[in-house]
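**Q** Sequence first, then the predicted structure:
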There are 4 protein chains.
Amino acid sequence: MFKMADSGPKYFISTKRIETLVDGIFAISMTLMVLNIHLPDSSGVWTNEMVWGIIWGQLSNLFIYTLSFVILAGFWITHHRGFDHITRADQAFLWINVIWLLFVALVPFSTSLMGDFGNTIPAALFFNINLFFIGLFSFLIRKQVIEHELADKSLKPADVKHVYAATLIFPALSGIAIALSFISPGYSFLPYLFIPVALNIVHKLQK
Amino acid sequence: MFKMADSGPKYFISTKRIETLVDGIFAISMTLMVLNIHLPDSSGVWTNEMVWGIIWGQLSNLFIYTLSFVILAGFWITHHRGFDHITRADQAFLWINVIWLLFVALVPFSTSLMGDFGNTIPAALFFNINLFFIGLFSFLIRKQVIEHELADKSLKPADVKHVYAATLIFPALSGIAIALSFISPGYSFLPYLFIPVALNIVHKLQK
Amino acid sequence: MFKMADSGPKYFISTKRIETLVDGIFAISMTLMVLNIHLPDSSGVWTNEMVWGIIWGQLSNLFIYTLSFVILAGFWITHHRGFDHITRADQAFLWINVIWLLFVALVPFSTSLMGDFGNTIPAALFFNINLFFIGLFSFLIRKQVIEHELADKSLKPADVKHVYAATLIFPALSGIAIALSFISPGYSFLPYLFIPVALNIVHKLQK
Amino acid sequence: MFKMADSGPKYFISTKRIETLVDGIFAISMTLMVLNIHLPDSSGVWTNEMVWGIIWGQLSNLFIYTLSFVILAGFWITHHRGFDHITRADQAFLWINVIWLLFVALVPFSTSLMGDFGNTIPAALFFNINLFFIGLFSFLIRKQVIEHELADKSLKPADVKHVYAATLIFPALSGIAIALSFISPGYSFLPYLFIPVALNIVHKLQK
């Protein structure tokens, strides 16, 4: 294991395989989250009102599930768009991806924590810090690609600045969400709703 | 994330990657559903009669599992047949697919709700509304492909009408199932058994 | 959905996509089974003896997990070897595969039932009947390929007979396991250990 | 099933399919582990302190999750690097891979056992023995490839020695972890932290 170390810093491997692991872990994380929506033991007699109560009690779980699903989908799409031009991977790049995936695979747990205990500070902190690290490592993946020239074509300096700005929006919004967790944990997810707006601003500033 | 917005409405990405996510989420959803069939704690002494009782008590879960599995398989097959001719994806198409997958990944939960509390109105409503949205977004995916010309060959107007009719059968039957949920929730799944018949009628009307 | 019906019995689709779904559902089923090995709530003080007790109490689950894993791996390998020469799929072939996968995805549940309640008749029956249907549909898949000429090369009559014999070994051994379930449910898995021997006999008879 | 036996020891199949199963089982095992981090029933009133208590109580689970995730990622990377040159697979090679995957799929269970009962001897033993077997079968896979010439190019005798040494580091460290389990089960994971160091030493000795 870890035999890659033997080949020195100049060794490059195909990125095809990393994409396979990324695809698998994203698909599973996105689907596993639904298991966090709990149902009570069904034995006994259940009236319509009682079952409405169950669904109603899981509304926050359903909302957080939807939010996490869409955020993960967004990261997955961006990752693949970024990978289109990456033709080789050095060892550091590989392990940055693995740690990134570690935080992605942790999302079903933080989502469950946030869905169940979302109005407490620790649950909101855990959830937002988890998302912050996903965003941070997404940025580090891009940085590694640009600085170590792993892509088949180089970006112009202006484009690099733009890619960095766009990639740092998510960690920045997570930072605000982390701060909000101390004041109003139950609404700390609000910054994520500004992602489309923030991207539009970055896009317009570029012109 | 969501950087696609920067590229304007004319930007197209490969559909290959969407198919990978679709494959993963369908395979996982179809397999996760089996986790909804519960077994009690096995400690203590169990007689044959008691274990027959467990299996018997899970019969409705097994039936709903089979129904959901076959319906998801049907959507998966149709999706791939539709994707054969799609050669590009715009941003709207991408996000319609993501929301569609959100409802697909929710099926293990609704199936569990329907299996456990299927004779109550809210459980049947939740299950049938979930399926309705899967059908509706399947239709929207087709509509987007046809109207935005994402496929490599155009359909004749008569074929478009036929594809729309065939794709709208499922949401229509779900609509009937939703109405049935208020009258007889435990039998609200019955409309889905008419899918093959309905498809045959559409097929014959076309000639 | 099910739009394939419109295209008549002569319509063939690519088998590539079926393989993707097969791969996903096998990998997930094989990995999900491990979730059936239960651990008690870890709160409180636990001595070495108590934890040995937990592991010891899960030995039958571990054994059945291993057996199911190896049997599923065997079916997966055989399926792919069979698919190498299949170049088209008609509608019946597609749905035989879907029902086969339905029984494959059910294996984590039957394995759990067998692991927890394996010394009762209903648990052993359910497990062995599930495996019987996987074997039967494996045979039906082969039969469909041969009779409807879905492969790129035809088999000689002698080879067809041999393929049928080899494919029917598993359902035959499952049949014995079903009979054994009534006499000694806890040992009803024994026939499966004879698979390699039975294959050797078929192989020698062919010469 | 197991029909491969009929084709005799000289029969080779494509390694492409094995890689698919390997990818699936690794992605699922790495993601399933997160399900072992438990949350209590969320009904009732929860204070910040109580939720900090939950997270704190799951710290050992989070640590073991991270360790197992990184170890599995390492095996996955090494496996794919090894597979790049493998062009055929005989029957023994296939089944060594299946048994290797059986131990990989068992990791979510051992990780859960180690996370929950890690300060008891049996839990630490089970975890470390599981990892030992993964390492051992990784070595056997390499050995099979080299001795049965399944790769498209042969290694020089010096390289073979080096590959064996690098591949045996993990089982050796697992062996130390197994011994440590009897003395200090809660710290028996320590040897795994020396993997990068050990690989460096092997690398330098080679020169």
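**A** Looks like it arrived, so ask away. Residues are numbered from 1 along each chain as shown, chains lettered A, B, ... in the order given.
**Q** ok and the residue in chain A nearest chain B?
**A** Residue of chain A nearest chain B, by CB to the nearest CB: A:Ala27 (2.7 Å). C-beta coordinates here come from the backbone N, C-alpha and C atoms, glycine included.
**Q** Regarding that residue, which helix or strand does it belong to?
**A** Element membership of A:Ala27, judged by DSSP states H and E, is helix A:16-32.
**Q** So is that helix next to chain D?
**A** Yes. On the criterion CB under 8 Å from any CB of the partner chain, helix A:16-32 is in touch with chain D at A:Arg17, A:Thr20, A:Leu21, A:Asp23, A:Gly24, A:Ile25, A:Ala27, A:Ile28, A:Ser29, A:Leu32.
**Q** isn't the fourth one right next to B:Val22, touching?
**A** Yep, that's A:Asp23 we're talking about. No. Under the criterion of CB atoms under 8 Å, A:Asp23 makes no contact with B:Val22, lying 10.7 Å away.
**Q** so what's A:Thr47 up against?
**A** For A:Thr47, the contacting residues are B:Thr120, by CB atoms under 8 Å, 6 or more residues apart in numbering or on different chains.
**Q** circling back to that earlier point, what sits against the residue of chain A closest to chain B?
**A** Per CB under 8 Å, 6+ apart, neighbours of A:Ala27: B:Thr20, B:Leu21, B:Asp23, B:Gly24, B:Ile25, B:Ala27, B:Ile28, D:Ala27.
**Q** next one: phi and psi at A:Ala89?
**A** A:Ala89 has phi and psi values of phi -140, psi 130 when expressed as degrees, to the nearest 10.
**Q** can you count the residues close to it?
**A** By the criterion of other CB atoms under 10 Å in any protein chain shown, A:Ala89 has 24 neighbours.
**Q** A:Glu19 is in contact with that one, correct?
**A** No. Assessed by CB under 8 Å, A:Ala89 is found out of contact with A:Glu19, at 10.4 Å.
**Q** Looking at the residues of helix A:16-32 next to chain D, which is nearest chain D?
**A** Using CB to the nearest CB, A:Gly24 comes nearest to chain D of these, at 2.7 Å.
**Q** Touching, that closest one and D:Ile25? I think so.
**A** No. If you go by CB under 8 Å, A:Gly24 and D:Ile25 don't touch, sitting 9.4 Å apart.
**Q** Please convert the residues of helix A:16-32 next to chain D to CSV, extending it with distance to C:Gly82 and pLDDT.
**A** Listed next are those as CSV, based on distance: CB to CB, whole Å; pLDDT from 0 to 100:
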residue, distance to C:Gly82, pLDDT
A:Arg17, 27, 76
A:Thr20, 24, 83
A:Leu21, 28, 87
A:Asp23, 26, 90
A:Gly24, 25, 91
A:Ile25, 30, 93
A:Ala27, 26, 93
A:Ile28, 28, 92
A:Ser29, 33, 93
A:Leu32, 32, 89
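**Q** tell me the contacts of the closest residue to A:Ile18 other than its chain neighbours?
**A** The shortest distance from A:Ile18 to any non-neighbouring residue, by CB to CB, 6 or more residues apart in numbering or on different chains, is to A:Asn97 (5.5 Å). A:Asn97 sits next to A:Ile18, A:Val22, A:Ala89, A:Ile141 when contact means CB under 8 Å, 6+ apart.
**Q** ok, of these, which one's closest to B:Leu125?
**A** A:Val22 (36.7 Å; CB to CB).
**Q** what about that closest one, how many residues close to it?
**A** For A:Val22, the neighbour count with other CB under 10 Å is 22.
**Q** List the contacts of it.
**A** Contacts of A:Val22 by CB under 8 Å, 6+ apart are A:Trp76, A:His79, A:Asn97, A:Leu101.
**Q** please redo it, this time with the cut-off set to 7 Å
**A** Contacts for A:Val22 (CB atoms under 7 Å, 6 or more residues apart in numbering or on different chains) come out as A:His79, A:Leu101.
**Q** What confidence value was assigned to it?
**A** Per-residue pLDDT puts A:Val22 at 90.
**Q** From A:Leu136, how far out is it?
**A** 17 Å (CB to CB, to the nearest Å).
**Q** what does A:Lys161 give?
**A** 18 Å.
**Q** Which of the two has more residues huddled nearby?
**A** A:Leu136 (19 against 12).
**Q** Helix or strand: which one has the more buried one?
**A** For A:Leu136, the host element (DSSP H and E) is helix A:121-147.
**Q** The helix or strand bottoming out on mean pLDDT in chain A packs against which elements?
**A** Lowest mean confidence among the helices and strands of chain A (mean pLDDT, DSSP states H and E): helix A:195-206, at a mean of 79. Judged by 3 or more CB pairs under 7 Å, 6 or more residues apart in numbering or on different chains; DSSP states H and E, the packing partners of helix A:195-206 are helix A:157-183.
**Q** Having no further points to raise, I will conclude here.
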